[in-house]
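Fold the following for me, if possible:
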Amino acid sequence: IDEEIIQINNNEFWLEVSLSNSILFTLGSVNVNESAQKYLSEIADILRPFNNPVQVEGYTDNLTVNSTQFPSNWELSSARAAAIVKILVDGGVIPARLSAVGYGEYRPTSGNDTPEGREKNRRVVLMIAREKQDRPKAQSSPVIIDALNPRPVEPTQVMPQPNLERANTKNSNVDLE
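Residues are numbered from 1 along each chain as shown. Below is the predicted model of the structure:
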């Protein structure tokens, strides 16, 4: 934290652990640097005893990726997040708690117009839920089909209301029957 390699933020739903890409990966690579293994091992040790879901998010800058392995920054950021998930699993974190998400260049924290800004945008973030949250169950197919294809409403005849008067104004005649 003191070296600004790891930043921690939180809100009422999440604890956010942001890891600088400078320690994790070389430019355009998904192979985790050996120096990062120590930090990731410590993080896995901390996460292991808990049941909170952890979403690992990968981010890149907006420089074009020149790789046949990763045709876009989305593929690169997703692969980086998956590489971190694998290390956490190897460190004893229960795999069912983990997910990997790639955001590519589309959620920058800084401008991409300077090398410093691009460096800040290349990161991996661990979003640790404060509480275990089960995924909501999906509705069965018939319910979904009914929702997508509502039944037509039968036309009804308006019944006269005995206490309702006809409204006549200077601009228009309104019949309230």
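
what about Glu12, which SS state?
Look at Glu12: counting by DSSP: H, G, I helix; E, B strand; the rest coil, its state is coil.

Verify the stated contact: it with Glu131.
No - in this structure Glu12 lies outside contact range of Glu131 using CB atoms under 8 Å: 9.9 Å. To be clear about C-beta, it is placed using only N, CA and C from the backbone, and glycine gets the same treatment.

Neighbour count: these two, which is higher?
Ranked by neighbour count (other CB atoms under 10 Å), Glu12 and Glu131 place Glu131 first, with 9 against 6.

Which secondary structure state is assigned to the more buried one?
With three-state DSSP as the criterion, Glu131 was assigned coil.

cool, and Ile128?
strand.

Tell me who's in contact with the closest residue in space to it that isn't next to it in sequence.
Spatially, and ignoring its direct neighbours in sequence, Ile128 is nearest to Leu15 (4.4 Å; CB to CB, 6 or more residues apart in numbering). Contacts for Leu15 (CB atoms under 8 Å, 6 or more residues apart in numbering) come out as Ile8, Asn9, Met127, Ile128, Arg130.

Also Phe70?
Here Phe70 is in contact with Gly28, Val30, Leu76, Ala79 (CB under 8 Å, 6+ apart).

can you rerun that using 6 Å?
Phe70 makes contact with Leu76, according to CB atoms under 6 Å, 6 or more residues apart in numbering.

could we number from 28 for the rest of this?
Yep, numbering from 28; the last one is Phe97 now.

what's the distance between it and Arg134?
18 Å (CB to CB, to the nearest Å).

okay, which residue is most central for this structure?
A centroid search over the chain (CA atoms, centre = their mean) returns Val128, at 6.9 Å, as the residue closest to the centre.

That one: which element?
Assigned by DSSP states H and E, Val128 belongs to strand 125-131.

tell me which residues of the helix or strand just after that strand are tucked away?
Where DSSP H and E defines the elements, the next helix or strand beyond strand 125-131 is helix 142-148. By 16 or more other CB atoms under 10 Å, the buried positions in helix 142-148 come out as Arg145, Lys147, Asn148.

Quick one: mean pLDDT over helix 142-148.
For helix 142-148, mean pLDDT rounds to 90.

average pLDDT across stretch 92-112?
For stretch 92-112, the mean pLDDT works out to 93.
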